[in-house]
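S.K.: Using only what follows, build the 3D model:
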Amino acid sequence: MSLAIFTQTCAKNVSGASKIFIADKATVTAVTVGTGEITAITGTTPFMRVDTVQDSLQWKEEEGAVGLYNAQIKNTIDFNVLPPSKTTNVLLQALMDGTPCGFFAIIIDSNGSCWLVGHNATDLMSRPLRVAKITHDTGKGIAVAEGNQLQIELANDCSGLALPFNSAMTATIVGGTDTCIKWT
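M.R.: As a prediction, the model looks like this:
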């Protein structure tokens with residue numbers, strides 16, 4: 001791909017991510033990409049909504065050089081859930097059990113854009129996200145507002161950038177009606 005003129009859009013930009021939906025790699029059978037955007041996802045089980053602690057969700061995509069001619073992209077998704085309980089243990093066990101095969105995640109950023117992380121146009125579905133770390137931090141005393149949360153990190157190393165969803169899928173994901181996501 002060659003360089004082209006890039007024009008910065010003068011528009012509101014909000015940092016952060018607002019929602020995450022996670023699917024086991026084995027349940028996603030196909031991802032359809034057209035003109036650099038995802039137009040469809042098919043599978044046997046929809047993406048599952050994971051409610052996170054407000055303002056704890058962050059997706060980071062970093063590109064680094066590998067030698068002269070190659071690049072490596074690292075995706076990291078961090079989020080917190082609470083309270084530690086039997087219900088959160090079910091989520092943690094599912095994440096640990098699914099890690100050998102991996103996951104895909106749909107991220108809605110704070111600007112309303114939707115991204116599929118763990119799939120890309122280069123590696124397709126061969127380098128999914130996996131659990132990198134789960135930390136349970138009780139905090140110290142009652143004065144620590146961030147105490148007693150579970151911090152979860154999903155990550156992957158891959159060869160291509162995460163792809164956005166097209167406007168039609170973004171509208172149904174943000175609108176809460178897309179059938180690839182289990183909403184309730």
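S.K.: quick one, strands of this structure?
M.R.: 17-24, 28-34, 37-43, 47-50, 58-66, 70-81, 103-109, 114-120, 130-137, 149-158, 162-164, 181-182 (DSSP state E).
S.K.: Show me what the fourth one is in contact with.
M.R.: What that stands for is strand 47-50. The contact list for strand 47-50 (CB atoms under 8 Å, 6 or more residues apart in numbering) reads 19-23, 41, 79, 81, 91, 104-106, 180-183. All C-beta atoms are positioned from the backbone trio N, CA, C, and that covers glycine.
S.K.: These: which two are farthest apart?
M.R.: I41 and V81 (24.0 Å; CB to CB).
S.K.: how close does the residue most central in space within the chain sit to N89?
M.R.: Nearest residue to the geometric centre of the chain (CA atoms, centre = their mean): A105, 3.6 Å. Distance, A105 to N89, using CB to CB, to the nearest Å: 21 Å.
S.K.: Pull the number of nearby residues for the closest residue to T172 other than its chain neighbours.
M.R.: Excluding the flanking residues, the one nearest T172 by CB to CB, 6 or more residues apart in numbering is D178, at 3.9 Å. By other CB atoms under 10 Å, the residues close to D178 number 21.
S.K.: Other residues contacting the longest helix anywhere in the chain?
M.R.: Counting residues, the longest helix found in the chain (DSSP state H) is helix 86-98. With contacts defined as CB under 8 Å, 6+ apart, helix 86-98 is touched by I22, D24, K25, V50, V81, L82, F103, V131, I134, L150, I152, L154.
S.K.: ok, now with 7 Å
M.R.: Helix 86-98 is contacted from outside by D24, V81, V131, I134, L150, I152, using CB atoms under 7 Å, 6 or more residues apart in numbering.
S.K.: The fourth one is in contact with Q149, isn't it?
M.R.: To tie it back to what came earlier, the one meant is I134. No: applying CB atoms under 7 Å, one finds I134 not in contact with Q149, separated by 11.2 Å.
S.K.: More neighbours: these two, which one.
M.R.: Q149 (22 against 15).
S.K.: Tell me how far the more buried one lies from M96.
M.R.: 18 Å.
S.K.: what residue ranges in this structure score low on pLDDT?
M.R.: Applying pLDDT under 70 to the chain flags the ranges 1, 143-146.
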